[in-house]
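1. make a model of this:
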Amino acid sequence: MTHSYKIVEIAPKTYEIDEFDCDSIFVLLGEKKALVIDVGTGIGDLKTAIEGLTGDLPYEIVITHGHVDHLGGAGWFDKIYLNPKDWGKYPYPPDADFRRYYADFIVQRSGLTYDYDRMTDIIDWEKTAELVPLHDGQSFDLGGRVVTAYECPGHTPGEMVFIDSLSRILFAGDAINGNLLFGTLPDDPTFVSIERALKALERILSMKDQYDRIYNGHHDYRELGEPLCPEMLPSIVTACRKLVDGTYEAKTIPGMLPNTPDRTVVYEGPAMVTFVAGGIHEPK
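-> Here you go, the predicted model:
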């Protein structure tokens, strides 16, 4: 299986692995152990690539949220940490056909050819990784650096972000993104109102003295190895405030692929937020 991923050192002992434009996987090395943030869609032999960076260090794996493009590669590993608020809400384990569908979507969107075979490099898991609870404020002491998890619900109910004390990077998964997707209604088990998401994002913004850069889980709104622009999180917060206050200006744009429904979005600076009107406020 392929493990010809692009790998960039974004800070000392801190790496971004590009999984063929499907997802970014981050590897943080400490003196005692390593931490892996997300495991992509599961294309190729991710374990070999990770262990090429970690060497003899033991490592643990944390997942930002329960979507297939962030935990699809978990079948290589014995256990993963995931917020229980995402347990049972998304396919687990996600089968190979579902993961191929997502990879095909990326190919159609980019128009590029990638160095993998969709049938031999995206296969069903031989084992199911044990789910271990991940909670707000939980810390991972790697030796010489501590990584702390914080809840940031919105994109999913259990979305988590991570602040690394050494690199002063905020790893944001899909909680902070130039193409931020909210799209569920109160009767959906994955529903998070934009009103609630705003409070979570405001909390993370208030922690800005703890981090200098933000890396999200995809590099489609930034270059590989480069952080999101500094205006991204404040712009997302402003967009969400306008949605909650009713002062927003909505636009309709085409779906992400041909023959998919149009999307309703609001733009603010570099950010685009997709939403549904019935999902803005907490149910009464």
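2. and the helices in this protein?
-> 46-54, 68-71, 96-110, 194-206, 232-245 (DSSP state H).
3. quickly compare those and say which is most buried.
-> The highest mean neighbour count among those, using mean count of other Cβ atoms under 10 Å, belongs to helix 68-71: a mean of 26. All C-beta spots, glycine's among them, are computed from the backbone N, C-alpha and C.
4. that one packs against which elements?
-> Helix 68-71 sits against helix 96-110, with contacts defined as 3 or more Cβ pairs under 8 Å, 6 or more residues apart in numbering; DSSP states H and E.
5. so which residue is smack in the middle of this protein?
-> residue 173 (2.5 Å; Cα atoms, centre = their mean).
6. contacts only, for it.
-> Counting by Cβ atoms under 8 Å, 6 or more residues apart in numbering, residue 173 touches 37-38, 64-65, 70, 155, 159-161, 216-217.
7. which of those lies closest to residue 183?
-> Nearest to residue 183 out of the contacts of residue 173 is residue 155 (Cβ to Cβ; 9.4 Å).
8. residues in contact with the closest residue to the closest one other than its chain neighbours?
-> In space, and not counting its chain neighbours, residue 155 is closest to residue 174: 4.5 Å by Cβ to Cβ, 6 or more residues apart in numbering. By Cβ under 8 Å, 6+ apart, residue 174 lies in contact with 64-65, 67, 70, 155-156, 159, 180-181, 216-218.
9. burial measure for the closest residue in space to residue 157 that isn't next to it in sequence, as a count.
-> In space, and not counting its chain neighbours, residue 157 is closest to residue 85: 4.3 Å by Cβ to Cβ, 6+ apart. Neighbour count of residue 85, defined by other Cβ atoms under 10 Å: 21.
10. might one say that residue 85 is in contact with residue 160?
-> No. At 9.4 Å, residue 85 does not count as touching residue 160 under the criterion of Cβ atoms under 8 Å.
11. mutual contacts of these two, please.
-> residue 151.
12. gap between the nearest residue to residue 254 once chain neighbours are set aside and residue 112?
-> Once flanking residues are discounted, residue 254 sits nearest to residue 262: 6.0 Å by Cβ to Cβ, 6+ apart. Plainly put, residue 262 is 25 Å away from residue 112 if you go by Cβ to Cβ, to the nearest Å.
13. who's in contact with the nearest residue to residue 202 once chain neighbours are set aside?
-> Sequence neighbours aside, residue 237 is the residue nearest to residue 202 in space, at 6.0 Å (criterion: Cβ to Cβ, 6+ apart). By Cβ under 8 Å, 6+ apart, the residues touching residue 237 are 198, 201-202, 205.
14. can you map out the strands along the stretch 151-284 of the chain?
-> With DSSP state E, counting those that start in this stretch as the criterion, the stretch 151-284 of the chain has strands at 160-164, 169-171, 179-181, 213-215, 251-253, 263-268, 271-274.
15. can you redo these as a markdown table with mean pLDDT?
-> As requested, the strands of the stretch 151-284 of the chain are exported to a markdown table (pLDDT from 0 to 100):
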| stretch | mean pLDDT |
| --- | --- |
| strand 160-164 | 99 |
| strand 169-171 | 98 |
| strand 179-181 | 95 |
| strand 213-215 | 98 |
| strand 251-253 | 96 |
| strand 263-268 | 97 |
| strand 271-274 | 97 |
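16. nearest to residue 100, out of those strands?
-> strand 179-181 (21.1 Å).
17. who touches the closest one?
-> For strand 179-181, the external contacting residues (Cβ under 8 Å, 6+ apart) are 154-155, 174, 220-221, 236, 271-274.
18. okay, now the sheet partners of it, with direction.
-> With DSSP bridges as the test, strand 179-181 is paired with strand 271-274 (parallel).
19. so how far is the strand it pairs with off the chain centroid?
-> 16 Å (Cα atoms, centre = their mean, to the nearest Å).
20. mind listing what's buried along it?
-> For strand 271-274, burial by neighbour count (16 or more other Cβ atoms under 10 Å) applies to 271-273.
21. distance to residue 101 added to the strands of the stretch 151-284 of the chain, as JSON lines?
-> Below are those laid out as JSON lines (distance: least, Cβ to Cβ, whole Å):
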{"stretch": "strand 160-164", "distance to residue 101": "25"}
{"stretch": "strand 169-171", "distance to residue 101": "26"}
{"stretch": "strand 179-181", "distance to residue 101": "17"}
{"stretch": "strand 213-215", "distance to residue 101": "26"}
{"stretch": "strand 251-253", "distance to residue 101": "22"}
{"stretch": "strand 263-268", "distance to residue 101": "19"}
{"stretch": "strand 271-274", "distance to residue 101": "20"}
